[in-house]
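*Asks:* Sharing a sequence plus its predicted fold:
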Amino acid sequence: LNSCTMASDEDRAALERLHITGTHAVEAAKNSGIRSGVHTVLKKYGEGDISVEQANVLFSFATKIPKNKKLTDKHIGIVVSSIKKGDLTRVVQLDAAVGFFKKNSDTLDGYEEACGFGVVVSPQDITNAVSAEIEKVKEELIAKRYRFSTGPIIASLRKSLKWADAKAVKEEIDRQVLQLLGEKTEEDKKKPPKVKTGGKKDKAKDSNKKIKKNNDSDDSDTITFTGASANFHRVGENNKTANYIVTKNTKKLLEEHKKRVNNTVHTRFPPEPNGILHIGHAKAINFNFKYAKGNNGYCYLRYDDTNPEKEGTEFVEGILKDVEWLGYTPFKITYSSDYFQELYEAAVELIKRGGAYICHQKAEELKGHTDRKMSPWRDRPVEESLKLFEDMKNGLIDEGKAILRMKHIMEDGKLDPVAYRIMFAPHHRTGNEWCIYPTYDFTHCLCDSIEDITHSLCTKEFQNRRSSYYWLCNSLDWYCPVQWEYSRLNMAYALVSKRKIGALIDTGIVRGWDDPRLFTLAALRRRGFPSKAINNFCALVGVTENNNTLVSPMLLEACVRDILNKEAKRVMAVLDPLKVNIISGEFPSTVTVENNPVAPDAGTHTVPLCSVLYIERDDFSTDPPKGYRRLTPTQSVCLKAAGVVLHTESFKTGSDGRVEEVNVRVEPLTKENKPKGFIHWVSSTSPDVNPRTAEVNIFNQLFMTENPLEGKDMSKTINPNSLEVFDALIDDSVDVSVPETVYQFERIGFFVVDKDTTAELPVFNRTVALREDKGKKTK
C-alpha cells in the first residue's frame, strides 16, 4: 500500500479499518471513487468496532456509491445505519437496499421488507430447499453424474432462498450431490466423447474449406443452456418465436428450409475483418459455437466484408487465428463477398417490388433520427431507380452522388436505411469487380437466409434492426431466420470497442492490437491468458438480456489463475535485486525445486546456489513495519527450497541511504530454527558469474475509472502507471525459446515469455498476480 502514491495516510487508515489490506488495498486506493466511498461510509458509521462481516458489506457499499448517483446523503446514512445495527448483513441485502432507493427516493415505506430485514434462513431451510431441487433433476443427475451442470439448480434456489448465504447454498448442493453420487470415479474424470453428426447439403458458396462434422472446443464440459437460450425455437418452427413476422409464404418457406438443413441447428459468427477480436467477441464465439455444438449442429465463420476501405487480409487471418485459438473449428468459412452477385440481384428485385429507390441525399442529411423528412426521391418511378442502380454498378455515378435506400422505418425511428453505396475502392477478395457495396442492414439478414441460419444470435445494439431484418427477408419472399439479441460483454476498466481501441493505437497510448493492456484476444494471448480460461470466463458470465452490467476483470483473472496454477512451472525471478553475500556457513551448490507442487507428476528441476545470491529489495528491511516476516538485521529468514536459514551479519548502504549489499551467515534449516518467513532468490554457479538477466513488464489497468467512456475525454482516464518495466534476474531453469510459455515466478505472479524475446535478452509479461493469501501477513 505504501507504494501507492495516490493513497494518503488517512486513506490507508480508512481501508485498514474495513480490514482491507495488501494487494486489495493497493488496488482499492488507486480508485478515487472507491476512496471517497470508503470515507463516506466510515463517516456515517461513526465510532465503534467493525467486524469482518460488517466491513465486507460496508466496503461493497463504498464501491457502489460512485456508480449510483441517485443515492442521497440521507439514503447512504440509512443503509450504513442498517449495517451497523446488524439488520443488513449480506451483499444481496445491500443490492436490494440500493435498488430500493433507486425506485423510492422519498419514502421508507417497504424498505425493511424489500431488504429482507428479520428474515432468517436456517441451515435446515437450505437443506430442505436444495433437496427439493435435486429431487426434480435426480434422474438426469444420476445419468450424467458430475457432467451435470448445477447452474439451473442454483438459479432456482436464488429465487426460493433469496436471502440465504450463497456460499452456504453452494456448499449444501455440493454436499448433497456427493452424498447421492459418491466420490468421482476415473470415468467421471475423463472427457466426454465427442458427438459425431451427419452431413448436410451445402447451400453456401464453396470457400475451399472442408466441412466439419462438429464444432470442437477444448472445453469439453457438458453444455447447458439457461434462460431464453434454453427455450429457443426448434428448427423450422421460427413462427413460434415472439414478434416473428408471418406472411402467406412463411409456412412453405420454413418447410423448405427445414429440409435443406436436415432439421439441424445452424448458427454463425459474423465478424467484420476491420480489426482484431476482443473479449466481447469471445463471448459471441462461445455462444454461437456452443449453441450449435450443444444441439449437434453447425456454426459458420462468416466474414462480413462489405467495407473495402477498412478491411484487409491481415484481419481475416487474425480473426481465424483467434477462433481456432479458442478451440473452435468452423463448419464452413464464408464471406459476405461470396454472395455479392446474389445480393445485387436481390436489390434489383426489391426495387421492382417497390421496396427500394435511388436517393441523392448527402451523408450529413441522413444523420440522426429526429426531425428528418422523407427523401424527395422516395416515390420516383421503379424503372428510373433500376436504371440509376445499374449506372451505379457500372461506375457511371460518382461516390456520394447516389445511394440505394429501403422503404422501411426502423424501431429507433431511422428512416429508410441505406442498402447500397458507391465506393471506388479495391476489395481484398473481389478486387475491382464491384464499385457498389451493400450495407450491414441489407447484407446480414440475406446472408443468414442464404446460409439457412436457424438462430441469428447477436448483441443488443442490433435489436433496433430486427424489424428491418424481418422486413427485408419477407419483402423478397426469402426464408427468414430468427434474430435473438443478448447483452454484449462490458468489461470494467477496459474498452471492448474496435473503433475506440483503434483510436488508442493511433494516438500512441498503446503499442498495437496485441498490447497486453488491452482486452483484444491477441493482447490476452500475448499476456499469457490460456484460451480455456477465457472460455470458462464466458461460461461464468453467461448469456443474458441485461446490457447494463460491467464485469470485473478480476473474474477473468481468477479463471486464468485456476488454469495456470495447475499447469505453470514454478521458477524463481527477482524483479528488484539486492545483492546478498554468504560469508560463513555451509550451503548446497545445487538446489532441487518442484516444478509444480499441485501437480506431483510435473517433476523437478535444479538451480545453482553460490556465495553470492540476489533477493527482492523489499525482502530486507532495516526498519521493518509490524508483522514483517522477512529478513532484518535481527530476524532470520529461510531461502525457499534451499533448506538454509539466513542471519544478517552486516549490510552496506549507498550515499542515498539505500541498502546496497547484505552479508549473511547461513545454517541448515531445522525445526528449532525455522523462521517465520521464506523468500525466493536467484544465484549462479559461481560468484564470478552473473545470473541471467531479463526484462519484465508489469501491466496494470489501462484506465483509472471503471467506465472510461463515461467522461467526455477518455484520455483523462488513462493510468500513467499502466506499464512498469523491471531489469530482473531469472534462474537458469527458465526456457525462453518458446513464446507464450507461462511460468509462475515464486511469490510474485504468473509470467509469459513475450514474442520480443531474444537470446540476449528474454522478455516477460506479467499474466496475473498471485491470489492474495489473506491468512498470511506479507508486509
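*Replies:* On my side now, so go ahead.
*Asks:* Please count neighbours and contacts with C-alpha atoms only from this point.
*Replies:* Will do.
*Asks:* So, low pLDDT: which residues of the stretch 1-150 of the chain?
*Replies:* 1-7, 22-24, 26-28, 30-31, 67, 149 (pLDDT under 70).
*Asks:* ranges for the helices of it?
*Replies:* Listed in chain order, the helices of the stretch 1-150 of the chain (DSSP state H, counting those that start in this stretch) span residues 9-17, 22-30, 32-45, 52-64, 73-85, 91-103, 111-114, 123-136, 138-144.
*Asks:* what do you get for the stretch 151-300 of the chain?
*Replies:* In chain order, the stretch 151-300 of the chain shows helices spanning 151-160, 166-181, 186-189, 250-260, 279-294, with DSSP H, counting those that start in this stretch as the criterion.
*Asks:* quick one: which of the helices of the stretch 1-150 of the chain is nearest Ile351?
*Replies:* Shortest separation from Ile351 across the helices of the stretch 1-150 of the chain is recorded for helix 91-103, at 49.6 Å, computed as Cα to Cα.
*Asks:* could you check the angle helix 73-85 makes with the closest one?
*Replies:* Regarding helix 91-103 and helix 73-85, their directions subtend 160 degrees when assessed with axes from the mean of the first three to the mean of the last three Cα atoms, to 10 degrees.
*Asks:* Please point out which parts of helix 91-103 sit buried.
*Replies:* Buried residues in helix 91-103, counting neighbours by 16 or more other Cα atoms under 10 Å, are found at Val91, Val92, Gln93, Leu94, Ala96, Ala97, Val98, Phe100, Phe101.
*Asks:* thought the fourth one was touching Phe59?
*Replies:* So that's Leu94. No - applying Cα atoms under 8 Å, one finds Leu94 not in contact with Phe59, separated by 10.9 Å.
*Asks:* what's the spacing between the most centrally placed residue in the chain and Pro675?
*Replies:* When Cα atoms, centre = their mean is applied to the chain, the residue found nearest the centroid is Ile279 (4.9 Å). From Ile279 across to Pro675, the span is 45 Å (Cα to Cα, to the nearest Å).
*Asks:* Repeat that for Glu139.
*Replies:* Distance, Glu139 to Pro675, by Cα to Cα: 54 Å.
*Asks:* If you count surrounding residues, which of these two has more?
*Replies:* Neighbours around Glu139 and Pro675, counted as other Cα atoms under 10 Å, are more numerous at Pro675. The numbers are 18 against 11.
*Asks:* from memory the more buried one sits against Lys640, does it?
*Replies:* No - using Cα under 8 Å, Pro675 and Lys640 do not qualify as a contacting pair, with a distance of 11.5 Å.
*Asks:* any residues in contact with both of those two?
*Replies:* Here Pro675 and Lys640 share no contacting residue, scored by Cα atoms under 8 Å, 6 or more residues apart in numbering.
*Asks:* mind listing the strands for the stretch 501-650 of the chain?
*Replies:* When assigned using DSSP state E, counting those that start in this stretch, the strands of the stretch 501-650 of the chain occupy the ranges 550-551, 569-571, 573-574, 577-584, 590-594, 604-608, 612-616, 637-639, 644-653.
*Asks:* Other residues contacting the second one?
*Replies:* Read that as strand 569-571. Glu594, Asn595, Asn596, Ile730, Asp731, Ser733, Val734, Val742, Tyr743, Gln744, Phe745, Glu746.
*Asks:* Farthest pair within these?
*Replies:* Using Cα to Cα, the pair of the contacts of strand 569-571 lying farthest apart is Asn596 and Ile730, separated by 17.3 Å.
*Asks:* The two - which one has more neighbours?
*Replies:* The residue with the greater number of neighbours, taking Asn596 and Ile730 and applying other Cα under 10 Å, is Ile730; the counts read 22 against 19.
*Asks:* Could you double-check that the more buried one sits in contact with Thr693?
*Replies:* Yes - shown here, Ile730 and Thr693 form a contact pair, counting by Cα under 8 Å, at 6.2 Å.
*Asks:* quick revisit: Thr313: which of the contacts of strand 569-571 is nearest?
*Replies:* Proximity of the contacts of strand 569-571 to Thr313 (Cα to Cα) peaks at Val742, which lies at 29.7 Å.
*Asks:* The closest one: neighbouring residues, count only.
*Replies:* Burial of Val742, expressed as a neighbour count using other Cα under 10 Å, amounts to 26.
*Asks:* Need phi/psi at it.
*Replies:* For Val742, the backbone dihedrals (degrees, to the nearest 10) come out as phi -110, psi 140.
*Asks:* How about Ile276?
*Replies:* In this entry, Ile276 is assigned phi and psi values of phi -90, psi 150 (degrees, to the nearest 10).
*Asks:* check contacts around it.
*Replies:* Contacts of Ile276 were listed using Cα under 8 Å, 6+ apart, and they are Phe315, Gly318, Ile319, Lys498, Trp513, Thr520, Leu521, Ala522.
*Asks:* Much appreciated, bye for now.
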